[in-house]
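In: everything below, folded, please.
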Amino acid sequence: MAVLKKNQLLFGIVCFRERFWECSSFIRLHQSYLESQSSEPLHIFVFDNTDSKDWFIDYPSFEDNIKITYQRNPSNPGISFAYNRIGDFAKNNDFEYIVFFDQDSELTKNTYSVYENFSKKNILAAAPKVISQNQLISPSKYINYRSYLYDDLSSKKILLNGNSCINSGLMVKTSIFFETGAYNENLRLDFCDHDFIERLGTTAKELHILPYELHQNFSTDTNTLEQALFRFRLFDKDLSAFKKNRNKLLITLLVDFPHLLRLTMQYKTLAFLKIKFSGK
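Out: Below is the predicted model:
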């Protein structure tokens with residue numbers, strides 16, 4: 001059996017207004033690690049974006065082989081910033097691979113074993129099948145800045161050119177992460193995955209499909225109108241940054257207007273149009 005290199009895997013979890021040890025991704029990752037009975041320590045870097053002034057973290061103790069690094073930025077600079085700090089830690093501490101998770105990702109019992117096994121294969125990038133509301137949403141076809149869902153995905157790997165995937169569950173070799181240019185910190189939330197995968201495809205070429213399913217909950221599925229309006233303002237700012245050096249007309253026609261129309265019809269209000277055309 002191949003011997004794992006020191007600091008082979010770093011798992012990064014980004015949290016917002018939730019204590020990390022109570023997050024689904026942390027709980028499930030911890031459980032899957034214990035289930036694996038691995039002789040290697042579990043390294044987790046937690047980046048906390050919580051913007052509350054009175055936020056206090058005094059996290060519980062864990063087993064000796066659970067190594068946690070916690071960092072918080074109360075200015076909430078965005079998920080791309082958080083992922084890059086995780087990447088910096090991986091590089092500075094000689095981790096071979098980085099795995100990114102959102103706080104609300106639901107993992108399986110074999111999750112840790114899957115990543116540990118794939119870290120021995122010297123691959124450049126890999127991701128699981130991501131399920132949301134009983135539908136395969138990632139990886140997906142990515143054409144003209146839009147995602148098109150696969151009915152089924154049985155391949156063990158796909159070309160990155162013409163495909164994309166969400167951030168959560170993504171495993172990437174640390175050296176390739178930085179060769180790619182890391183995440184674009186001008187994109188605080190939206191489009192940061194597609195932007196990164198687009199650039200990753202110029203180096204990695206292929207995305208290996210990990211043999212487990214990650215279930216993902218999206219807050220946008222249950223947003224109130226007030227939450228949806230706040231979320232739309234963030235989306236609109238990220239969209240403006242994403243348009244730079246890309247086909248602005250195509251993005252406006254195929255991404256911007258359809259999204260605006262969908263929200264307008266879903267919430268039956270012109271408030272989204274007012275934000276779009278007034279900037280407020």
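
In: secondary structure element for the spatially closest residue to residue 174 that is not a sequence neighbour?
Out: Among residues not flanking residue 174 along the chain, residue 90 sits closest, at 4.7 Å (C-beta to C-beta, 6 or more residues apart in numbering). Using the backbone N, CA and C atoms, a C-beta is placed for each residue, glycine as well. Assigned by DSSP states H and E, residue 90 belongs to helix 79-92.

In: give the other helices and strands that that helix contacts.
Out: strand 9-15, strand 42-48, strand 97-102, helix 174-179, helix 192-200 (3 or more C-beta pairs under 8 Å, 6 or more residues apart in numbering; DSSP states H and E).

In: now with 10 Å, please.
Out: With contacts defined as 3 or more C-beta pairs under 10 Å, 6 or more residues apart in numbering; DSSP states H and E, helix 79-92 has these neighbours: strand 9-15, strand 42-48, strand 66-72, strand 97-102, strand 171-173, helix 174-179, helix 192-200.

In: quick one: closest of these to residue 243.
Out: helix 192-200 (11.1 Å; C-beta to C-beta).

In: I'd like the next helix or strand past the closest one.
Out: strand 206-216.

In: tell me the angle that following strand makes with helix 192-200.
Out: Interaxial angle of strand 206-216 relative to helix 192-200 (axes from the mean of the first three to the mean of the last three C-alpha atoms, to 10 degrees): 170 degrees.

In: just checking, residue 130 is part of a helix?
Out: No - Residue 130: not assigned to a helix; according to DSSP: H, G, I helix; E, B strand; the rest coil it is strand.

In: what's around the closest residue to it other than its chain neighbours, how many residues?
Out: Nearest residue to residue 130 in three dimensions, chain neighbours excluded: residue 138, at 3.8 Å (C-beta to C-beta, 6+ apart). By the criterion of other C-beta atoms under 10 Å, residue 138 has 25 neighbours.

In: from residue 173, how far off is residue 138?
Out: 20 Å (C-beta to C-beta, to the nearest Å).

In: coming back round to it: ok, now which ones touch the residue nearest to residue 174?
Out: Contacts for residue 90 were tallied using C-beta atoms under 10 Å, 6 or more residues apart in numbering; they are 7, 9-10, 12, 43, 45, 96-99, 172-175, 177-178.

In: now it: how far from residue 189?
Out: Counting by C-beta to C-beta, the gap from residue 90 to residue 189 is 22 Å.

In: equivalent analysis for residue 99, please.
Out: Noted for residue 99: a distance of 20 Å to residue 189, by C-beta to C-beta.

In: more neighbours, these two?
Out: Taking other C-beta under 10 Å, residue 99 and residue 189 do not tie; residue 99 has more neighbours (27 against 15).

In: can you report phi and psi for the residue lying closest to residue 16 once chain neighbours are set aside?
Out: Of all residues not flanking residue 16 in the chain, residue 49 sits nearest, at 4.6 Å (C-beta to C-beta, 6+ apart). Backbone torsions of residue 49, given as degrees, to the nearest 10, read phi -90, psi 10.

In: pretty sure residue 49 contacts residue 14?
Out: Yes - between residue 49 and residue 14 a contact is recorded at 6.4 Å, counting by C-beta atoms under 10 Å.

In: between these two, what contacts are shared?
Out: Joint contacts of residue 49 and residue 14 (C-beta under 10 Å, 6+ apart) are 78, 79, 81, 82, 103.

In: pull out the buried residues from the helix holding residue 90.
Out: 79, 80, 81, 82, 83, 84, 85, 86, 87, 89, 90, 91 (16 or more other C-beta atoms under 10 Å).

In: related to what we said a few turns ago, can I get the buried part of the contacts of residue 90 as one ChimeraX selection?
Out: This is the ChimeraX syntax for the buried subset of those, where burial follows 16+ other C-beta under 10 Å:
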select :7,9,10,12,43,45,96,97,98,99,172,173,174,177
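
In: pick the one among the contacts of residue 90 closest to residue 131.
Out: residue 99 (18.0 Å).

In: so the closest one versus residue 271, what's the distance?
Out: 38 Å.

In: low-confidence regions, the stretch 1-150 of the chain specifically.
Out: 1-6 (pLDDT under 70).

In: circling back: isn't the residue nearest to residue 130 right up against residue 170?
Out: Yes - counting by C-beta under 10 Å, residue 138 does reach residue 170; the two are 9.3 Å apart.
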